[in-house]
Structure formats: C-alpha cells, structure tokens
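# only the shape, not the letters, is given here:
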C-alpha cells in the first residue's frame, strides 16, 4: 500500500479530523485534499493535523476555472494553500466555456496564457501546477481541456517542475492516443499526479457523481498504472471516486473498500 | 432549405404517415429514418409512402452493434432495408464493450473486421456503410468508436463507396483534431452523412436524451457545416435531436422549430 493515497473526495462527507484519524487507523499515510473542505475546517488547522499525524498531502484540488473573472486571485490563493499544506501539486481543472460563448478554441488558448501568468508565483512557492484533462462530457461546463495530449501541449511552454499534468483514468480511458501520450508525458517529465477511478454506466443526471471504485467498471486500471510506471512515474496513486451511494456510507467503510479495490485492481 | 433533411428521431413519436404528410406540408423533401419505426409501420409500406410523396430517404439508422452475437444477420437485414427504402447510407453505431469485457482495443479491432465482412453485400446493394463516431461518454455501452479519426482509420481498408463516416456535430464538437479529420475525410471521399445537433447541459440521467436544437447550445454548428462543405461534401444536412421535452411536443411543431433552427444556425 506504499503508493496509495486516499483522495478526500471519495468520502466527501467525512470531516477532516475523522479522515485523518481514519487514515492513521488504517495505516494510510497519504491523502489528496480539496480546498472547500480544508477551508471549512481551517487551513492552518488542517496543515497541523496532517503533519502531526505523519500524513503527506499528495495533491490539492483544485485551482483552474479560468472562466471565472477572478481566476488570478483565486489561483494565487490556491497555490498558497498548497504550500501551507505541503502539497507538491495543485490540480487545475480549467473551467468550461464562458457564459454564452461557443468559442472553445479561444477558451483553450486562454488556459495556456493564464497558466503562464501563474508560473512565477508557483515556482517560488515550490508547487507544481497539474493540468487535468477531464472527460469530453465536461468540455462545455467544467473543463475545455479534454485529452492528455491537449494538457501536454498547454504545459509545453513551461518548465516541467512548474507545470505538469494529471493522468486520471476516469477521464482518459476511452482515448486510443492515451498510451502514446502517457509515454510522452513521461519523456517530458510532466506526470504530476496519477488518479484512479472506474467507469460505470448508466451515468447519473449531471454526470458528475457516476464514478466507480476500481474494479466496478470497465477501465483497464492496472494497464494504466503500469503505463505511468513505464513512463518513469514513481509517485503516489490516488484513488478518487465520486458517487452519491458511496458518499452516503461511513468514511471508515469507504476507506476500507477503497484500499481493497486499489490492491485488487490497481497496485 | 434544399439540403435540409429531417431525421425522424427528432420527432420520435410522430407516426410515419403523419411524418410524411407533415414534411410534404412543410416543403421538406428529405428525411432520415430509423429501423424500429420503419419496421413498426412496415418496410414496404414506408418505402411506397415516401416514394409517392416525393421524399428522399437520406439515411437509415442504424446498423452496427457488433457486440451483439447476431450482428452479421442483423446488419445484412439493415442493408436490405436501406436498399428497399432507397437510402444510400446505412449509419453504423458500433456498439460498446461486450458484457464483462474491459478490452476496448479488442472491441475496436472487432468493428474493423466485422465491417469488412459486410462490405461485399453492401457494395452489391448499392448502400454505403457510414461509421459514426459517438461521443466518448458512450464508449463503454454504445459505441467504442469515439473520434472521427478512429472512424476514418476503420474505414480506410475499404473503398470509399462501400464505407464512409458520419460527421455528427453532437459527438465530435469537443475534439480539437476534428477540423483536420474533416479535411482528411473529404480528401478520402468518406463523408457519407452530416448531422447537426447542439450540446446542452446539464446532461440527463443516461445521457441519451440531452441534445439541443441548433442554436440552443454551444457548438459552432455553422463552422462544422462550412468545414464539411470545404472538404467537398455536397450532400444533405440532417438535423437529429434527441430530447425528452422535444419528443413530448406535436410532430409538426417540432418540424417547424427544427427547420427554423437549421436555417438560423446551420445553413
């Protein structure tokens, strides 16, 4: 279980102190955190709690949303929060089309320019921005970056220690170019984060909360883990699953099932 | 309105005789038909009805579903039906992963081989098979062909008059390689059908019935129409929209709104 990291979103209703205690109890030493929950419990309190518990924060979700007029200030704050938490990676979800816009090319260009403006501050903070391609079903309203190839193209102008990419199986499994792009991401030293979730159908209304635990769906999860390994990635493997039924269960149960699913289908 | 074709699925509950009468009334001379509705009314009766009304059947939906063990017999029947209706194009939706399978590469290879087995009969029937890439959100359960590039790769071994592709804006709008692939499709003379529908959110449960009429969503529809034109396509422009709210309305109203949306946003 040495590479396993439990992304907080998998047990979305588990309060942070319970999450940390539950991880310690289960021998889990890595978590991915979300800004909303961290803010709710308190940034400094969270940082102290995980530090005292010997837990490493593998990523902070999320910056990005460059369609928000306040994107610059928001992302600067997110970088500072990552720094306080000791998270080496800030996951960027780019945002969708601006209201009323049909110009996806312009939205994608805007992401590239915006990231460039953030780079100096992130380098100074020692935080790597990680561009996450989201499944194309989110292209209009959540993330205009739809493929790993696009994410790597957007990252290309900047040093790898400043801007990397997230490989999340749920978002990229359908893409037949993904294997070549994972190899490219490795060569370019851009794999900042590897996240695993499984694809299940039918999708729920709004399609956000329809992910499966590893093994419940149709993604070749171990093939992905082996591909990022072969590309030279040696970092944590986060499991990040959003599902309404899962969220309704007690946090410790979710964690136990997530660990078991990771061991059986990803490790 | 000379290139406009009304795809029957847009007014899914409109009985075929009413559809034909409604099209005549509205001056619409082209329709796309679906096998289920045609079978319900009767194949020969439908063929006679459209012929007498001077209506051209621009495509028949759909063959494919190569994950069905009876795919060969089913597709042979679909080709015969297209021939009887005078439809020059049989749209192929490939089908998803076989039950329990995670091997999307194998499923995609199987599509290519299966199409090859159908080619001799379709050439003899004078019907062109048209591989339709579906949005990646359908990859597991409906269509493992997710991009126009994949569809063209699958079509490549066969003559263009035997195997073409469908460009449906709803399925490919998010893909930044689509413009290059449309140009390629033109060079390879593979554009068998051009279909327009708009992308709207939130997606409904199951994601099948969430399409918008042209203009309701965020797709650059006219840019797509101009791109297929620039690639040398001179055929019909089908509007094909699935939406539960639309289906609940009277057929003639749906047709009128569809024509208006086509004129304003596609033509």
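Ah, there it is. Nothing here was measured: the structure is a model prediction, and the numbers come from that model.
# residue A:105: neighbour count?
13 (other CB atoms under 10 Å in any protein chain shown). Where you see a C-beta, it was placed from the backbone N, CA and C, and this is true even at glycine.
# so it belongs to a helix, correct?
Yes. Looking at residue A:105 with DSSP: H, G, I helix; E, B strand; the rest coil, it is inside a helix.
# spatially central residue for chain A, please.
Nearest to the mean C-alpha position of chain A, by CA atoms, centre = their mean, lies residue A:91 at 5.2 Å.
# can you tell me the element it falls in?
strand A:89-93 (DSSP states H and E).
# contacts for that strand, please.
A:58-65, A:75, A:78-79, A:82, A:115, A:122, A:127-132, A:134, A:142-143, A:164, A:166, A:192-193 (CB atoms under 8 Å, 6 or more residues apart in numbering or on different chains).
# those residues in helices, which ones?
When DSSP state H is applied, the contacts of strand A:89-93 are split such that A:75, A:78-79, A:82, A:115, A:122 fall in helices.
# for the residues you listed, name the two members farthest from one another.
The most widely separated members of the ones in helices among the contacts of strand A:89-93, counting by CB to CB, are A:82 and A:115 (14.9 Å).
# which one of the two has more residues nearby?
Between residue A:82 and residue A:115, residue A:82 has the larger neighbour count (other CB under 10 Å), namely 28 against 24.
# now do the contacts for the more buried one.
A:60, A:88-90, A:125, A:127.
# try 10 Å this time
A:33, A:35, A:38, A:57, A:59-61, A:63, A:88-91, A:122, A:125-129 (CB atoms under 10 Å, 6 or more residues apart in numbering or on different chains).
# quick one, which of the residues you listed are buried?
Buried by 16 or more other CB atoms under 10 Å in any protein chain shown: A:33, A:35, A:38, A:57, A:59-61, A:63, A:88-91, A:122, A:125, A:127-129, out of the contacts of residue A:82.
# would you confirm that residue A:237 contacts residue A:4?
Yes. Contact criterion CB atoms under 10 Å: residue A:237 and residue A:4 qualify, at 6.0 Å.
# between these two, which is the more surrounded one?
Higher neighbour count among residue A:237 and residue A:4: residue A:237, with 25 against 22, using other CB under 10 Å.
# quick check: closest non-adjacent residue to that one.
residue A:3 (4.7 Å; CB to CB, 6 or more residues apart in numbering or on different chains).
# contact partners for the nearest residue to residue A:240 once chain neighbours are set aside?
For residue A:240, ignoring the flanking residues on the chain, the nearest one in space by CB to CB, 6+ apart is residue A:7 at 3.5 Å. Contacts for residue A:7 (CB under 10 Å, 6+ apart) come out as A:30-34, A:58-59, A:61, A:91, A:193, A:195-197, A:236, A:238-242, A:258.
# how close does residue A:7 sit to residue B:162?
Computed as CB to CB, to the nearest Å, the residue A:7 to residue B:162 distance reads 48 Å.
# one more: residue A:101?
Distance of residue A:101 to residue B:162, given as CB to CB: 40 Å.
# higher neighbour count, those two?
With neighbours defined as other CB under 10 Å, residue A:101 and residue B:162 compare such that residue B:162 has more, 19 against 13.
# what does the stretch 1-150 of chain A put close to chain B?
Neighbours of chain B within the stretch 1-150 of chain A, by CB under 10 Å from any CB of the partner chain: A:96-97, A:100-105, A:108, A:135-142, A:144-147, A:149-150.
# mind redoing it with 6 Å?
A:97, A:102, A:136-137, A:139-141, A:146 (CB under 6 Å from any CB of the partner chain).
# show me where chain A has helices.
So, for chain A - with DSSP H - the helices run A:16-26, A:35-41, A:43-52, A:71-85, A:104-125, A:148-155, A:169-172, A:178-187, A:221-230, A:244-247, A:251-265.
# list the contacts for residue A:38?
Residues near residue A:38 by CB atoms under 6 Å, 6 or more residues apart in numbering or on different chains: residue A:46.
# bridged to residue A:195, which residues?
With DSSP bridges applied, residue A:195 shows beta-bridge pairing to residue A:168, residue A:238.
# who touches it in this structure?
A:168, A:238, A:240.
# can you rerun that using 10 Å?
Residue A:195 sits in contact with A:5, A:7, A:9, A:32, A:58-59, A:61, A:91, A:132, A:166-171, A:224, A:236-241, where contact means CB under 10 Å, 6+ apart.
# kindly report the same for residue A:140.
A:96-97, A:101-102, A:104, A:107, B:173-174, B:199-201, B:203, B:217-219.
# how does it look with 8 Å?
Residues counted as contacts of residue A:140 (CB under 8 Å, 6+ apart) are A:96-97, B:174, B:199, B:201, B:217-218.
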